[in-house]
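# sequence below, structure please.
(chains A and B)
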Amino acid sequence: MNAIEIHNLTKHYDGFSLDNVSFTLPMGCILGLAGENGAGKSTTIRCILNAIRPDAGDIHVLGKSNQTDFAKTKEDIGVVLDNVSFPNGLTTRQVGKVMSKTYRQWNADLFEQYRKRFDLPESKCFRDFSRGMKMKLGIAVAMSHDPKLLILDEATSGLDPVIRDEVVELFYEFTRDEQHSILISSHILSDLEKLCDYIAFLQKGKLLLCEEKDELLSRYCMVQGSPEEIRAIEPAKVLSEKHTVYGASAILRREDAPRGLQTSSIGMEELFIAMVKGEH
Amino acid sequence: MNILIDNKSGTPIYDQIYTQVKQQIISGELREDEALPSIRSLAKDLRISVITTKRAYEELERDGFIYTVAGKGSFVAARNTELLREEHLRKIEALMQEILHLAPACGFDVDALSEMLRLLSEE
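Model prediction:
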């Protein structure tokens, strides 16, 4: 079974449209949704959560269309959006209490464990929380009702590197269970690179690709050489190239790399930038 | 079982796992019928993708180094002497290729090389 299946999702706004997006998140895997600001990541996520109505396309979540009985499916979904908000006057403990009445499968012990792990003060009001603390509370709440699917929209941005690492660690633990899946959107590509099994690139409402991460990364490489050597490569094969006073480099498919030039592997960030710039 | 993943090297990650597990099976560090970690837990411990780990295990199984019991996991297969021989032969061939590549630079021909090999083996 697939955790999320999206077919031909389309949504038009003034000046922006999400255009015919399809991808699948297999159960037990982590899919990273990458894209510039305004690429359509949040629109996609809102459509999945049935918060906005798409113009066309259909979405299946945990094996069921999100148009039928979605309130029940939602019990199995943990959601963290980029700005976590709870009523300002509530303390961590009170948030836990409210949630125990909201979710049928609320696990108070688990919530307490996350609270301790994240170092969240028990009786401090939400309004006095830092951005990092708000995010951590949001994640703790999302994970404490025993979800099968986590949907995270920019949930790691705004966190400092140490906490981000902790959170990434937590997500690894979560997906140890093969019934658990994660959809995470971020523009911090290094986080996605660390975490994901699959990666999808969105660019101006269009899906550039959705592929297995390691395979994608191993398919491309960077070659370095003199400006003449780099210019000699067939331009159609070059994804992007850079020239400096001392030499030049280009990003291209591994099999297109000219013999004799030094090649090196590239990261998600370099690949993404190369692809997005190539599209312009 | 030790596995070290190098993200910077050009070698694909599945290949790194494949090679290292294979080496430990050939060297006898991993014994026959010893259980290997599950795909999922290995992936999570190594902080790598489940799909990549799965691919490494599939290749190990295809090449006869491990076997899988449905519902129980993967285990080290009986050491196949034929396979080992093949593996060693391949290694010898690769080393000889290198010798042939280096020899002309010192003005050595095949006769001089065999003489050298004979002398070395008499030591």
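
# in the helix or strand of chain B with the lowest mean pLDDT, which residues are buried?
The weakest-scoring helix or strand in chain B, judged by mean pLDDT, DSSP states H and E, is helix B:81-102 (a mean of 86). Neighbour counts over helix B:81-102 (16 or more other Cβ atoms under 10 Å in any protein chain shown) mark residue B:83 as buried. For every residue, glycine as well, the C-beta is placed using N, CA and C.

# contact partners of that helix?
With contacts defined as Cβ atoms under 8 Å, 6 or more residues apart in numbering or on different chains, helix B:81-102 is touched by B:26, B:63, B:64, B:65, B:113.

# which among the residues you listed end up buried?
Using 16+ other Cβ under 10 Å as the burial test, the contacts of helix B:81-102 include B:65, B:113 as buried.

# closest one of the contacts of helix B:81-102 to residue A:80?
Distance to residue A:80, by Cβ to Cβ, is smallest for residue B:65 among the contacts of helix B:81-102, at 41.8 Å.

# one step back: would TSV of the contacts of helix B:81-102 with secondary structure and pLDDT be doable?
Formatted as TSV, the contacts of helix B:81-102 follow (DSSP: H, G, I helix; E, B strand; the rest coil; pLDDT from 0 to 100):
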residue	secondary structure	pLDDT
B:26	helix	82
B:63	coil	89
B:64	coil	88
B:65	coil	90
B:113	helix	90
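
# name the nearest of the contacts of helix B:81-102 relative to residue B:78.
Of those, the one sitting nearest to residue B:78 (Cβ to Cβ) turns out to be residue B:64, at 9.2 Å.

# what's the closest one sitting at in phi/psi?
Reported as degrees, to the nearest 10, the phi and psi values for residue B:64 are phi 80, psi 20.

# in contact with it, which residues?
Counting by Cβ under 8 Å, 6+ apart, residue B:64 makes contact with B:77, B:80, B:83.

# which non-adjacent residue is nearest the second one?
Which is residue B:80. Distances taken as Cβ to Cβ, 6 or more residues apart in numbering or on different chains place residue B:64 nearest to residue B:80, at 5.7 Å, with adjacent residues excluded.

# what pLDDT is listed against residue A:279?
For residue A:279, the pLDDT comes out at 58.

# cool, and residue A:26?
pLDDT recorded at residue A:26 is 94.

# can you name the farthest residue from the center of the chain?
No chain was given, so I picked chain A. For chain A, the residue at maximal distance from the C-alpha centroid (Cα atoms, centre = their mean) is residue A:228, at 39.0 Å.

# wait, chain B was what I had in mind.
Chain B, Cα atoms, centre = their mean, max distance from centroid: residue B:107 (33.6 Å).

# so how far is chain A from that residue?
Using Cβ to the nearest Cβ, to the nearest Å, one obtains 26 Å as the distance from residue B:107 to chain A.

# what does that residue show for phi and psi?
Per-residue torsions, residue B:107: phi 70, psi 30 (degrees, to the nearest 10).

# name the helices or strands packed onto the helix or strand bottoming out on mean pLDDT in chain A?
Least confident helix or strand, chain A: helix A:268-279 with a mean of 84, by mean pLDDT, DSSP H and E. Judged by 3 or more Cβ pairs under 8 Å, 6 or more residues apart in numbering or on different chains; DSSP states H and E, the packing partners of helix A:268-279 are helix A:189-195, strand A:198-203, strand A:206-212, helix A:213-219, strand A:220-225, strand A:238-244, strand A:247-253.

# and among these, the most buried is which?
Burial of the helices and strands packed on helix A:268-279 is given as mean neighbour count (mean count of other Cβ atoms under 10 Å in any protein chain shown); strand A:198-203 ranks first at a mean of 24.

# that strand versus strand A:206-212: what angle between them?
Counting by axes from the mean of the first three to the mean of the last three Cα atoms, to 10 degrees, strand A:198-203 lies at 170 degrees to strand A:206-212.
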